[in-house]
Each structure stands twice: as structure tokens, then as C-alpha cells.
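[1] Have a look at this fold, sequence not included:
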């Protein structure tokens, strides 16, 4: 249920006095100003009650999850395309429309009224009239019905059938529209219904079977669960009340509130949050016995932890080019004599021609984890892919210089894009003289509405070895 309505803020930069809706609107306005380069940001919920904070996040996430769908709907009632309007105007309309068509428990009149008041207070007086006119038309296009208890609820269908008058929801159901039809052309309809840039849908359609491409796009609208890797934990962890079994052996779904996750991880040795598709990359080299390992793009250290648990006798150098991430990494492994965290340049110098295994969890487009990274899909473009491919090749070339005569590179991404995956393996074989083996591409699994135990991100990994290395 939405929170009790609070006094509207006097400006978009006054979060202590702002309501949940106002804070969500301000966060969307900041993203609209950056589009398509959206950031992994969250709305400021400081000072809100847990209920209001949850509502703020729900509204914000609904906009990010359905942005292109909402834009398509709003453009039907605007004389100027939504993306050509000022960011604050875009935000007022997107937040209002998201509550009307994507959330179940918000009365349309409440969504319209607060959007109008926010627009008048934070844009200009005349903005309220436009907001009111457009959102009332959106409300007319979003039919409602009465549930078994006599409450007014949005009209939905039990499952998404790819109809031209519906779009899928995270629950697995679909939202019905009235007087609006999605494009008849299949790829355009899929892109708008699932809120993906058409270029991304085209890429998947070219690389995958049609039903696979559709399933990937649908998967991205689901709510990704927190999955715990407990493969190296004590046997009794399986009975912990915070955990439920996952389909992948040694992994569990965290079923308590996200606020209690940090406490669980701190109090339970040998566990960390990691999706099965991520852990499978490191497990692909579990039969090897490296003595010197370099984690060159360690990030927050998830795969570093896994390497440390899988190869307890190995010495590991971990680094990241981002100072903040590297500082966090150093804190995690401060008491571990086997893991040395150091600056990137130092890592390259220390490990030159001496590494038995180099892990490259490289920066990528994140197209295998879009259910977790809602903002990432809007950055997808041919230009982004070209930039990432160049960066990944630069990192691969650096890693090749670290290899001992029998060393190998474990190259991994959370991308589904062939140019970032198999294309890079082909390039490494040709340009760096490396041998390709153990190539693995994992598609996302678990559609909206499916049990959390079936959920899995998408990922890719490949082992790139010196020709002299043992197969």
C-alpha cells in the first residue's frame, strides 16, 4: 500500500522533507538527465519509515524496469516526445505513469495528484496542467477491475502472451492496456514490451533462437533474488533459517530481508553472495593447481574469495583500477596472509611472467545480469560494445604478459554479447597466441513468476593458455 501522503517539498533538493514519491521523482530526474548513460544509483530514503522507503524504491525500480514501455505509452499523449522534455518533466510523467500502469496498490488519482503538485512546485506552475492532462489519459488507457474483496485493481492477465495490448510484469502476469497497441513488427514489440533498446533485442535475435531471445528479454523484468554460495561453508549451513535450497548445488536463496544480509554474511564463515553463473567460471578450473594467482579486475572480491577457498595453498595478488573498490578489497583480506591487495601497476610488476592463473572478470555490458542491473540495459549500444571490446583486449594483452610458461588466463564476463565473449577468445588466439579451451556460455534462467530457486544470471568464461601449458 502507498504511504500516507505528506506535504509536498519546496524544492527537488530537499530530501529530509520530501515524500517517498518526491524522492523517487528526483532520483528519476537525475537519471533522465544522463540517459542513456544511467548510473547504478538509488533514491535517498534517509529519514523515511521502512514502509515509505520500500514504496520509494518500488516506484523508482518500476520506472527503471519499464522505462521504454512507459515512454511508449506517454508518447501517445504528448505532442513533444518524452525524451525531448526537460529531465524534471520526464521524471514527473514517468513516476506518475509507473504507479498507474506498473504497480498494483496505488490509486491512479493519488499518483496523478502528487505528480501534478510535484511538477508545479519543482518545474513551473504550468507544468502541473500538462502533467494532469497526460497522466489522466494514461489512467484511461490502464483499465481496472474489482478483485474478490471489492477493491479496485489493475486489469492483468495470468501470463504474458505477447499480445499487442499488454506488457509483462515482474510477477509473471501481464498488464492490459486499452486503446493502445504495441507495434506489429515482432522485434519492436518485444523491445517495447520488455523495455530494452532495439539494438539489444536485435543482437540477441541474431545470436540466439527466437524463443531464447524472447526468454532472455522476459527474464530481465524479474526481481533477482540474493543467492548465497555456500560450497565452502560448514555442512550445517544448509539448515540455516535464512536460506532456502537453490537448483544449483552448493547455492541457496537468501529469504530474509536485505537489511539482514550483512549480518548473516558476517556471522556465517565460508559464505558470500554469488550467483551460480558467476561461480561456475571459477569452478571450471577447479581441477588445476595454481601456485600463483592474479585477480586483475577483482572488484569487490567475490571471485577472489572463491579462488582463495578453492586453492587454499595458492598465493593470490588481487587488484582493481578503481581506488574505492580496491580499498574495500584490502579491508576484506586485511588478515589473510595468502592474499595481497596492491595497486594495479604494482600487481603488473610483481606478477610479470610469474602467474600460473590470471583471472580476468573484465568490465562488460552486463547484459547477462540486467535483472540485477536495471539501468545497464539503457546504456547498450554499438558504440558501447566497441569501447568495451577495446578495453577488454587491452586488459587481455596486459594479462598475457603476466603468464608463466605454463600459465593460463580465465577470462569471464557477465555479458551475452558475442563480441565480448567468443569474439575475444578468437582475438586472443590470433593476436596473443593463446590456446582456447573450456569455453562456456550460460544463458539467464528463471522467468518472472518462477520460483527463486530456478533463477540464474547469464555469464561467459573461457580458459586461454600458453601453447606449452598442459590441456
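    Arrived safely. This is a predicted model, so every value here is computed, not measured. Residues are numbered from 1 along each chain as shown.

[2] how distant is stretch 322-342 from the center of its chain?
    25 Å (C-alpha atoms, centre = their mean, to the nearest Å).

[3] What residues sit buried inside that stretch?
    325-326, 328-330, 332-333, 339-342 (16 or more other C-beta atoms under 10 Å). From N, CA and C alone the C-beta is placed, and that goes for glycine too.

[4] Stretch 137-152 now?
    137-139, 141-142, 144.

[5] Which of the residues you listed scores worst on pLDDT?
    Lowest pLDDT of those: residue 144, 91.

[6] give me the beta-bridge partners of that one?
    residue 154 (DSSP bridges).

[7] and it, what does it touch?
    Counting by C-beta atoms under 8 Å, 6 or more residues apart in numbering, residue 144 touches 108, 152-155.

[8] For the protein, which residue occupies the most central location?
    Nearest to the geometric centre of the chain sits residue 373, at 1.5 Å (C-alpha atoms, centre = their mean).

[9] Just give me the neighbour total for the residue lying closest to it once chain neighbours are set aside.
    Leaving aside its sequence neighbours, residue 373 sits nearest to residue 366 (C-beta to C-beta, 6 or more residues apart in numbering; 4.8 Å). Number of residues near residue 366 (other C-beta atoms under 10 Å) recorded here: 22.

[10] Run through the residues that contact residue 366.
    373, 376, 414-415.

[11] let's go with 6 Å and repeat that
    Residues near residue 366 by C-beta atoms under 6 Å, 6 or more residues apart in numbering: 373, 376, 414.

[12] Relative to residue 414, how far out is it?
    Counting by C-beta to C-beta, to the nearest Å, the separation of residue 366 from residue 414 is 6 Å.

[13] can you check residue 374 too?
    Residue 374 is 14 Å from residue 414, by C-beta to C-beta.

[14] quick one: which of those two has more around it?
    Neighbours around residue 374 and residue 414, counted as other C-beta under 10 Å, are more numerous at residue 414. The numbers are 27 against 22.

[15] which ones are touching that one?
    366, 368-369, 459.

[16] if we go to 7 Å?
    364, 366, 368-369, 457-459 (C-beta atoms under 7 Å, 6 or more residues apart in numbering).

[17] Double-check that residue 187 belongs to a strand.
    No: applying DSSP: H, G, I helix; E, B strand; the rest coil, one finds residue 187 to be helix, outside a strand.

[18] wouldn't it be in contact with residue 203 here?
    No: the criterion here is C-beta atoms under 7 Å, and residue 187 misses it with residue 203 at 10.7 Å.

[19] more crowded one of the two?
    residue 203 (22 against 16).

[20] tell me the phi and psi of that one?
    For residue 203, the backbone dihedrals are phi -60, psi -50 (criterion: degrees, to the nearest 10).

[21] How about the contacts made by the nearest residue to it once chain neighbours are set aside?
    Nearest non-adjacent residue to residue 203, counting by C-beta to C-beta, 6+ apart: residue 417, 6.3 Å away. The contact partners of residue 417, by C-beta under 7 Å, 6+ apart, come to 203, 365, 367, 385.

[22] what about the residue nearest to residue 373, distance to residue 232?
    In terms of C-beta to C-beta, residue 366 sits 26 Å off from residue 232.

[23] now swap in residue 69 and tell me
    Using C-beta to C-beta, one obtains 41 Å as the distance from residue 69 to residue 232.

[24] Which of the contacts of residue 417 fall within helices?
    203, 385 (DSSP state H).

[25] closest to residue 290 among the contacts of residue 417?
    Nearest to residue 290 among these, counting by C-beta to C-beta, is residue 365 at 28.6 Å.

[26] Any figure for the gap between the closest one and residue 442?
    From residue 365 to residue 442 the distance is 16 Å (C-beta to C-beta).

[27] Show me which of those two is the more surrounded one.
    Of the pair residue 365 and residue 442, residue 365 is the one with more neighbours under other C-beta under 10 Å, namely 27 against 20.

[28] what separates that one from residue 343, distance-wise?
    27 Å.

[29] show me the contacts for residue 261.
    Taking C-beta under 7 Å, 6+ apart as the test, what residue 261 contacts is 226, 254.

[30] Disregarding flanking residues, what is the spatial nearest neighbour of residue 332?
    Closest to residue 332 by C-beta to C-beta, 6+ apart is residue 301, at 5.1 Å.

[31] tell me the domain ranges of this structure?
    Annotated domains of the chain cover 15-219, 276-465 [automatic domain parsing].

[32] measure the last one end to end?
    If I follow you right, that is domain 276-465. 24 Å (C-alpha to C-alpha, to the nearest Å).

[33] remind me which residues of the stretch 351-471 of the chain are low pLDDT?
    469-471 (pLDDT under 70).

[34] can you give me the helices in it?
    Applying DSSP state H, counting those that start in this stretch to the stretch 351-471 of the chain gives helices spanning 382-400, 422-432.

[35] can I get the ones you listed in CSV with mean neighbour count and distance to residue 103?
    Putting the helices of the stretch 351-471 of the chain into CSV (neighbours: other C-beta atoms under 10 Å; distance: least, C-beta to C-beta, whole Å) gives the following:
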stretch, mean neighbour count, distance to residue 103
helix 382-400, 16, 30
helix 422-432, 17, 40
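
[36] Other residues contacting stretch 205-213?
    Taking C-beta under 7 Å, 6+ apart as the rule, stretch 205-213 contacts 187, 201, 204, 418, 443.

[37] no, scratch that, I was asking about stretch 379-388
    Under C-beta under 7 Å, 6+ apart, the answer for stretch 379-388 is 36-38, 197, 199-200, 363-365, 367, 417, 419-420.

[38] How about stretch 420-428?
    364-365, 385, 388-389, 392-393, 396, 411, 413, 415, 434, 436, 439, 441, 460, 462, 464.

[39] in the stretch 351-471 of the chain, which spans are strands?
    Applying DSSP state E, counting those that start in this stretch to the stretch 351-471 of the chain gives strands spanning 355-361, 403-413, 435-442, 459-465.

[40] Now render these as CSV, adding distance to residue 28.
    Listed next are the strands of the stretch 351-471 of the chain as CSV, based on distance: least, C-beta to C-beta, whole Å:
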stretch, distance to residue 28
strand 355-361, 31
strand 403-413, 29
strand 435-442, 32
strand 459-465, 30
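
[41] I'd like to know which of those strands is closest to residue 160.
    That would be strand 435-442 among the strands of the stretch 351-471 of the chain, by C-beta to C-beta, at 23.5 Å.

[42] Direction included, what does the closest one pair against?
    When DSSP bridges is applied, strand 435-442 pairs with strand 459-465 (antiparallel).

[43] quick one: the helices in the stretch 151-300 of the chain?
    186-194, 198-207, 210-219, 261-267, 276-283.

[44] Export those helices as JSON lines, with columns for mean pLDDT and distance to residue 148.
    Below are the helices of the stretch 151-300 of the chain laid out as JSON lines (pLDDT from 0 to 100; distance: least, C-beta to C-beta, whole Å):
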{"stretch": "helix 186-194", "mean pLDDT": "98", "distance to residue 148": "28"}
{"stretch": "helix 198-207", "mean pLDDT": "96", "distance to residue 148": "37"}
{"stretch": "helix 210-219", "mean pLDDT": "98", "distance to residue 148": "28"}
{"stretch": "helix 261-267", "mean pLDDT": "95", "distance to residue 148": "35"}
{"stretch": "helix 276-283", "mean pLDDT": "96", "distance to residue 148": "38"}
